[in-house]
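**Q** Predicted structure and sequence below. I'll ask about it afterward.
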Amino acid sequence: KPTAMKFLFGNKEAGVVIGRQGATINGLQSKSGAKIKVSAAGDYFPGTQDRCIMVSGGIEVVAAACELIILEVHRDSESHQTNKEAEGEEMISVTMLIPENACGQIIGKGGDTIRKLVGESNAKINLATKEKSIPGVQERVLVTSGTLDNVLKSTSMILHKIWEQEKTFYANNATSYKSIQPFPPPRSAYEYAYPPFPPQPGHGYDGYP
C-alpha cells in the first residue's frame, strides 16, 4: 500500500534538499523512486519557522528517500563545520510529523512500543502529547535524536510502524499549513514533544524541571 512521511526542516535545510534550480530534489526522486514535495518559501508549520517536506510512494521507495534526505542535510551540515570535536560522533536530530491516527501505534500500550523503538535504535524519540496538539492539525511533532546511524534506524522503524497500521493516513495530504493559526504560538516544534524515553532524572512528565 502507498505510504507517506512528513519532515520539518528550517529554510536552509529545505533549500539543501531542493538544490539549485531543483537539481537535488529531482536527483533524490530519481534515485529513490519516491515523490518528494517541499512547502513554499514562507509557508511554515504553525508556530515555527520550519518548512514541511513530504515523501510519498511505496514503503521501500519512501524509506530510501527518507534516508537520502537525512544524509543530504547531514552532509551539507558537516561541510560547514569548522571545529568538529576530535572525539565522539556528532549528535543530530530529525523532526517528523506523525498522523494523529498513528500515534497510538508508535506509543504502544503503556509506552511499550516507543520504549522498544528507543532500545533497538539507541536514538531518543520524543512524541508530542495529545494535549499539545495544534488546533486544526491532525498531526503531532516527533523528534528523534542521536548519532546519524541511530537516527536513520529510528526513522526507518517509525516509518514502518506507521505503514503497518492499515488505517493510518495524513488528513492533510499536502505540505501547506497556511490556513492554520495556532494559539498560543510555541517558540519551536520541540515544545510539542514528550521528554525522551526513559524520562530524564530530575524532570517531570513533560520534560521540564
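**A** Received it, and whenever you're ready, just let me know what you need. Numbering: from 1, shown residues only.
**Q** does the most centrally placed residue in the chain sit in a helix, a strand or a coil?
**A** By CA atoms, centre = their mean, the chain has its centre lying nearest to residue 96, at 1.7 Å. At residue 96 the chain is in strand, as set by DSSP: H, G, I helix; E, B strand; the rest coil.
**Q** isn't it right up against residue 145?
**A** No: using CB atoms under 8 Å, residue 96 is not in contact with residue 145; the gap is 11.6 Å. Quick note: C-beta positions are derived from backbone N, CA and C, even for glycine.
**Q** what about the strands in the chain?
**A** Here the chain has its strands, by DSSP state E, at 3-10, 35-38, 50-57, 92-99, 124-127, 139-146.
**Q** Of all the ones you listed, which one is nearest residue 70?
**A** strand 92-99 (5.9 Å; CB to CB).
**Q** Only alpha carbons, please: show that closest one as PDB.
**A** Output of strand 92-99 as PDB, limited to C-alpha atoms (Å, rounded to 0.1, in the frame of the first residue of the first chain):
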ATOM      1  CA  ILE A  92      21.900  15.100  15.200                       C
ATOM      2  CA  SER A  93      18.100  15.400  15.400                       C
ATOM      3  CA  VAL A  94      15.300  15.000  12.900                       C
ATOM      4  CA  THR A  95      11.800  16.300  13.300                       C
ATOM      5  CA  MET A  96       8.800  14.400  11.800                       C
ATOM      6  CA  LEU A  97       5.100  14.900  11.700                       C
ATOM      7  CA  ILE A  98       3.100  11.800  12.700                       C
ATOM      8  CA  PRO A  99      -0.600  11.400  11.700                       C
END
